[in-house]
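Participant: need a 3D model of the following:
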Amino acid sequence: MIKFLKNFLRILWRIWFVIIAALLILVGLPIIYYSIAFNKLRLFTWLKHAWGSWVLFWMGFRVQIANEAKIDPKQSYVIIGNHTSAMDIMVLLKVIKLPFVFVGKIELSKIPIFGYLYKKSNVMVDRNSPKSRKEVYIQVVDFVKKGNSLAIYPEGGVPDPDVFLAPFKNGAFRIAIEHKLPIIPMVYFDNKRKYPYDIFKGSPGKLRVKILPVISTDQLTLDDVDDLRDFAYNLIYTELMNAQLSKEFSK
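Facilitator: Coordinates of the predicted model:
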């Protein structure tokens, strides 16, 4: 009976996430549309930050940030991180106050209302289409010229729950080198545990995130893509492993 009640409450909590996320978008829809249509980067950035922050608040999450990066607000970046949960996006929107767009899967554009706004304000890619992957680079140039940074999850999606950290794909690192964009690596420690894709697991609480030092790409060429990818992967993997060991040894 207790297990049934816990599962029922978790399902209600998940439904609440959809309701609050959609409701906040609907309330701000005229301003959101205006900011996208007229390329009001500062306003749109503030709206995204407010949306992510309020969703986290009403879901019962509090974010703890450890920032080791020196971020220039006038510089565009490629922002990467381990992808673990739907909360990754909310935490990113709350923590990074730069204007940025996601390079994300085209399937998200099919979600009513949200999908339209997502398509208009982000770079869409169909990972099953070589043509779509090539077109991403054209879109990226346009968004960067407008002063945006790019947020890319190099695992290519949320891996299975038993995967500690999936191998990184080259796309984010190729883009960073081609456009001489520094990389901001981020590590999410708790999102997988606190809001997993298993609807019968998860709970409100603290979400720790760490922003690692910026990685420069100024002196790199496309021959360095693999090395840069592996370097970024090892940075994030080490942080996750150290956090896991620290938690185990503190018991």
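Participant: show me the helices in the stretch 1-150 of the chain, by range?
Facilitator: Along the stretch 1-150 of the chain, the segments classed as helices by DSSP state H, counting those that start in this stretch run 2-27, 29-37, 41-58, 87-95, 114-121, 130-145.
Participant: redo those helices as TSV? Include mean neighbour count.
Facilitator: Every C-beta, even on glycine, is put in place using the N, C-alpha and C of the backbone. Listed next are the helices of the stretch 1-150 of the chain as TSV, based on neighbours: other Cβ atoms under 10 Å:
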stretch	mean neighbour count
helix 2-27	13
helix 29-37	14
helix 41-58	17
helix 87-95	22
helix 114-121	16
helix 130-145	14
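Participant: which of those has the lowest average pLDDT?
Facilitator: Of all these, the minimum mean pLDDT falls on helix 114-121 (a mean of 72).
Participant: and it, what does it pack onto?
Facilitator: In this structure, helix 114-121 packs against helix 2-27, helix 29-37, strand 100-105, with contacts taken as 3 or more Cβ pairs under 8 Å, 6 or more residues apart in numbering; DSSP states H and E.
Participant: switch the helices of the stretch 1-150 of the chain over to a markdown table; also include distance to His179.
Facilitator: What follows is the helices of the stretch 1-150 of the chain, written out as a markdown table (distance: least, Cβ to Cβ, whole Å):
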| stretch | distance to His179 |
| --- | --- |
| helix 2-27 | 30 |
| helix 29-37 | 23 |
| helix 41-58 | 18 |
| helix 87-95 | 20 |
| helix 114-121 | 19 |
| helix 130-145 | 6 |
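Participant: tabulate the helices and strands packed on helix 114-121 (CSV), appending distance to Asp230.
Facilitator: Shown next, in CSV, are the helices and strands packed on helix 114-121 (distance: least, Cβ to Cβ, whole Å):
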stretch, distance to Asp230
helix 2-27, 35
helix 29-37, 36
strand 100-105, 20
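Participant: flag the shaky bits of the stretch 51-200 of the chain, pLDDT-wise.
Facilitator: 108-109, 111-115, 126-134 (pLDDT under 70).
Participant: which residues does stretch 35-46 contact?
Facilitator: Stretch 35-46 is contacted from outside by 31-32, 34, 47, 97-100, 117, 120-121, 146-148, using Cβ atoms under 8 Å, 6 or more residues apart in numbering.
Participant: typo on my end, it should be stretch 139-157
Facilitator: When contacts are defined by Cβ under 8 Å, 6+ apart, stretch 139-157 is touched by residues 39, 41, 76-83, 88, 92, 96, 98-103, 105, 123-124, 127, 165-169, 171-173, 175, 179, 181, 184, 229, 232-233.
Participant: try 7 Å
Facilitator: Stretch 139-157 has contacts (Cβ atoms under 7 Å, 6 or more residues apart in numbering) with 39, 41, 76-83, 92, 98-103, 105, 123, 127, 166, 168-169, 171-172, 175, 179.
Participant: buried subset of those residues, written for ChimeraX?
Facilitator: The ChimeraX command for the buried members of the contacts of stretch 139-157 (criterion: 16 or more other Cβ atoms under 10 Å) is given here:
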select :76,77,78,79,80,81,82,83,92,98,99,100,101,102,103,123,166,168,169,171,172,175,179
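Participant: which of the contacts of stretch 139-157 fall in strands?
Facilitator: 78-81, 100-103, 105, 123 (DSSP state E).
Participant: excluding sequence neighbours, find me the nearest residue to Met90.
Facilitator: Closest residue to Met90 apart from its sequence neighbours, by Cβ to Cβ, 6 or more residues apart in numbering: Gly52 at 4.4 Å.
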